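K.L.:
Structure, please.
(chains A and B)
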Amino acid sequence: MQKRSLSFYLLLAFFCLFVLFLYGPRSTIFMLSMQGPDGALTFPMRGFSFYWLGQVFQEQRVGNFIEPFMRSLLLGIAVMAITITASVLASMGFRQRFKGSTVIFYMTIASLIVPSILVSLGIGVVFQVMGWPTNWFTSGLGAHLTWTLPIAFLIMLGIFNRFDPAYEEAARDLGASDPKTFWEIVLPLIAPSLLGVGLLTFTLSYDEFTRTSLVSGQNNTLPLEIFGMTTNVTSPALYALGTLTTVFSASIILIAFFAYSAVVKRQRGQA
Amino acid sequence: MSATWKTFKPYALITPQTLVFLLFLVFPIVMIGVVSFWEFTGYSMVPAFTLDNYQGIFTSDVTFKTYLNTFKFLGLVWLATLLIGYPVAYFIAFHVPKLEWQILLFLVCTIPFWTSNIIRMISWVPLLGREGLVNQVLLGGGLIQQPLEFLLYSDFAVVLGMVHLYIIFMIAPIFNSLMRIERSLITAAEDLGASGLQIFKEVILPLSAPGIAIGSIFIVTLVMGEFVTVRLMGGGQSASVGKLIQTQIGSLQYPLAAANAMVLLAVTMLIIVSVLRVLDIRKEL
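P.N.:
You can find the predicted model right below:
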């Protein structure tokens, strides 16, 4: 065991403060959402109960959260399906050099780093000029894809970088066609990574706000609904909803992580 | 398998993704450019070719001040994310011994990023509000007589909120470039008698510069177009270019909003190009 230097302890303390900074504020709304029925928006906590968590599922004066949640859920699943399909295909295309690959690559990066408000405004303007109504499942879907697709594509590029082409060559030498090689060799090998990327994509879409904000149309997705609540809701129901949706996203991420490492371990055990 | 299929195959594979980007990224931005020359009649936009929108922007005092304020946010957020993010990334990369632990600690930093930004901002209210925890503690301890007003709904709160939301975009690229540094380089420097500070200045810092550059680019693009944090945490007091554009869209002044967006895009690209001038990131890609 090497001797720890002073800088180690200083940096450790700094890191702990940072984690507190990241998670501290969140834990305050967790606590406040578990107050008794006469709870308020600030400390001290007034009693302890699950009253406000239950309230989220009741019909609210300010709106109904089940419908926006269902919309976000459906949209997340659609975004996930399209993102996975398109990014797997595209990253496989990038395993071979081709003319114009640099342009396509920079277009992908641009999608990630163009200020979000331009994407939202741009899609809004296109729909306005064309006379189409904006909707969460048309313009909203497009806005989400500009955010999830580049991230998934970059991760997939990394996955295929480490992918050994010898497996496919062996399959081809044995006479397998391209689609057969993909379904029977490539897909099973990248499946655990796809699971991870898919769940990450889902949560990115589920929590997306800025790009959707101007183009969601009449019916809000859940983050937009919550944003609307911040101006007119003065009960801990707001915190309770925040707690529930955070727990939902965080569990999906944890499931993704643990499922991924479990599958990888099992594959290693078999090999 | 025919040779034509082999050359054609990558193009077939990238088609779906490229179509998405053409449809929802390239075409919309081209349309913003087109509409920025259109006229606004008071209730709708009319195809035309006028420079009035741009003229309005470049001669307006309000726009100038808004840009100054946005740059102020950018500068403060950039500095804070770098000064906080670098030590955090450095700690995980160089002071945590096992790879499993490094991944776990990095994951701890990453999880909040995958959850709702709106909720993360609301979380500050019970802490920083007029009757929030911070003020209660300070009042109770007798340190202040009046609750501190600047904690929430102020420029301070906006910067705090953005640092909290976006710091992972600085940490991840820096962590990535720190992890790639060959450990034997550091041993070699130690053997040659370099002090800890010298090793950091001469070896680690230059080798992590591309990570800093990538992180900085993310911060620039995130902060320049920012309007949600400015609205929620600034409480209507703070101004930013993104919020200006959003307000103009709210009143259906699409041509003006489009012109503003084009200027914003140009300014953002200018900053990114200057970052790339100073720091080369090609090795990282």
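K.L.:
residues contacting the closest residue to chain A within the stretch 1-150 of chain B?
P.N.:
Ranked by CB to the nearest CB, the top residue of the stretch 1-150 of chain B for proximity to chain A is B:P28, at 2.6 Å. Where C-beta positions appear, they are placed from N, C-alpha and C, glycine not excepted. Taking CB atoms under 8 Å, 6 or more residues apart in numbering or on different chains, we find B:P28 in contact with A:L118, A:V119, A:L121, A:G122, A:I123, A:V125, A:V126.
K.L.:
now what about stretch B:94-106, what contacts it?
P.N.:
The set of residues that contact stretch B:94-106 without belonging to it, under CB under 8 Å, 6+ apart, is A:S7, A:F8, A:L11, A:L12, A:F15, B:I92, B:A93, B:F175, B:L178, B:M179, B:I204.
K.L.:
let's see 6 Å
P.N.:
The contact list for stretch B:94-106 (CB atoms under 6 Å, 6 or more residues apart in numbering or on different chains) reads A:F8, A:L11, B:I92.
K.L.:
try stretch A:116-135
P.N.:
With CB under 6 Å, 6+ apart as the contact definition, stretch A:116-135 has outside contacts at A:139, A:142-143, A:146, A:210-211, A:213-215, A:217, B:28-29, B:31-32, B:35, B:225, B:242, B:245, B:254, B:261.
K.L.:
Break down the stretch 51-200 of chain B into its helices, ranges please.
P.N.:
According to DSSP state H, counting those that start in this stretch, the stretch 51-200 of chain B carries its helices in the segments B:52-59, B:61-90, B:99-110, B:117-122, B:125-128, B:133-140, B:155-179, B:183-191, B:196-199.
K.L.:
The fourth one: how far from the chain's middle?
P.N.:
What that stands for is helix B:117-122. Taking CA atoms, centre = their mean, to the nearest Å, the mean C-alpha location of helix B:117-122 is offset from the chain mean by 16 Å.
K.L.:
and it with chain A, contact?
P.N.:
Yes - shown here: helix B:117-122 in contact with chain A (CB under 6 Å from any CB of the partner chain) through B:N117, B:I118, B:I119, B:I122.
K.L.:
Export those to a markdown table and append columns for neighbour count.
P.N.:
Formatted as a markdown table, the residues of helix B:117-122 next to chain A follow (neighbours: other CB atoms under 10 Å in any protein chain shown):
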| residue | neighbour count |
| --- | --- |
| B:N117 | 22 |
| B:I118 | 24 |
| B:I119 | 25 |
| B:I122 | 24 |
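K.L.:
Just the closest of the residues you listed to A:A170, please.
P.N.:
Proximity of these to A:A170 (CB to CB) peaks at B:N117, which lies at 46.3 Å.
K.L.:
contacts for the helix or strand of chain A with the lowest mean pLDDT?
P.N.:
None of the helices or strands of chain A scores lower by mean pLDDT, DSSP states H and E than helix A:51-55, at a mean of 79. Residues from elsewhere that reach helix A:51-55 (CB under 6 Å, 6+ apart): A:S33, A:P37, A:P236, A:A237, A:A240.
K.L.:
So which of those sit within helices?
P.N.:
Applying DSSP state H to those, the entries found in helices are A:A237, A:A240.
K.L.:
can you redo the contacts of helix A:51-55 as JSON lines with neighbour count, distance to B:A12 and pLDDT?
P.N.:
Supplementary listing: the contacts of helix A:51-55 in JSON lines, determined by neighbours: other CB atoms under 10 Å in any protein chain shown; distance: CB to CB, whole Å; pLDDT from 0 to 100:
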{"residue": "A:S33", "neighbour count": "23", "distance to B:A12": "50", "pLDDT": "84"}
{"residue": "A:P37", "neighbour count": "12", "distance to B:A12": "61", "pLDDT": "78"}
{"residue": "A:P236", "neighbour count": "29", "distance to B:A12": "54", "pLDDT": "80"}
{"residue": "A:A237", "neighbour count": "23", "distance to B:A12": "51", "pLDDT": "81"}
{"residue": "A:A240", "neighbour count": "25", "distance to B:A12": "49", "pLDDT": "85"}
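K.L.:
Residue 150: neighbouring residues, count only.
P.N.:
Looking at chain A here, since you left the chain open. Under the neighbour criterion other CB atoms under 10 Å in any protein chain shown, A:P150 is assigned a count of 22.
K.L.:
wrong one, I was asking about chain B
P.N.:
Counted with other CB under 10 Å, the neighbours of B:F150 add up to 10.
K.L.:
Next up, phi/psi of the closest residue to B:S154 other than its chain neighbours, please.
P.N.:
Nearest-residue entry for B:S154: B:Q237, 6.5 Å, with adjacent residues in sequence omitted and distances by CB to CB, 6 or more residues apart in numbering or on different chains. In this entry, B:Q237 is assigned phi and psi values of phi -80, psi -40 (degrees, to the nearest 10).
K.L.:
Within range of chain B, give me the residues from the stretch 101-250 of chain A.
P.N.:
By the criterion of CB under 6 Å from any CB, the positions of the stretch 101-250 of chain A lying close to chain B are A:104, A:107, A:111, A:113, A:115-118, A:121-123, A:125-126, A:142, A:145-146, A:149, A:203, A:207, A:209-210, A:223, A:226-227, A:242, A:245-246, A:249-250.
K.L.:
Helix, strand, or coil at A:A40?
P.N.:
Classification of A:A40 by DSSP: H, G, I helix; E, B strand; the rest coil places it in coil.
K.L.:
Now do the residue lying closest to it once chain neighbours are set aside against A:T246, distance only.
P.N.:
Nearest residue to A:A40 in three dimensions, chain neighbours excluded: A:R46, at 6.5 Å (CB to CB, 6+ apart). As judged by CB to CB, to the nearest Å, A:R46 and A:T246 stand 22 Å apart.
K.L.:
Now residue 116: closest residue in space, sequence neighbours ignored.
P.N.:
You didn't pick a chain, so chain A it is. Nearest non-adjacent residue to A:S116, counting by CB to CB, 6+ apart: A:T210, 4.1 Å away.
K.L.:
that answer is for a different chain, and I need it for chain B
P.N.:
For B:S116, the nearest residue in space outside its immediate sequence neighbours is A:D207; the separation is 4.2 Å by CB to CB, 6+ apart.
K.L.:
where does that neighbour land on pLDDT?
P.N.:
Reported pLDDT at A:D207 in the predicted model: 87.
K.L.:
The host helix or strand of B:I249 - contacts with which helices or strands?
P.N.:
With elements delineated by DSSP states H and E, B:I249 resides in helix B:241-250, which encompasses its position. Judged by 3 or more CB pairs under 6 Å, 6 or more residues apart in numbering or on different chains; DSSP states H and E, helix B:241-250 is in contact with helix B:61-90, helix B:254-278.
K.L.:
if we can go back for a sec, among the contacts of B:P28, which one lies nearest to chain B?
P.N.:
Looking across the contacts of B:P28 and measuring by CB to the nearest CB, the closest to chain B is A:G122, at 2.6 Å.
K.L.:
Who are the contact partners of residue 206?
P.N.:
All of this is about chain A. A:Y206 makes contact with A:S72, A:G76, according to CB under 6 Å, 6+ apart.
K.L.:
can you do 7 Å?
P.N.:
Neighbouring residues of A:Y206 by CB atoms under 7 Å, 6 or more residues apart in numbering or on different chains: A:S72, A:G76, A:S249.
K.L.:
Done for today, thanks.
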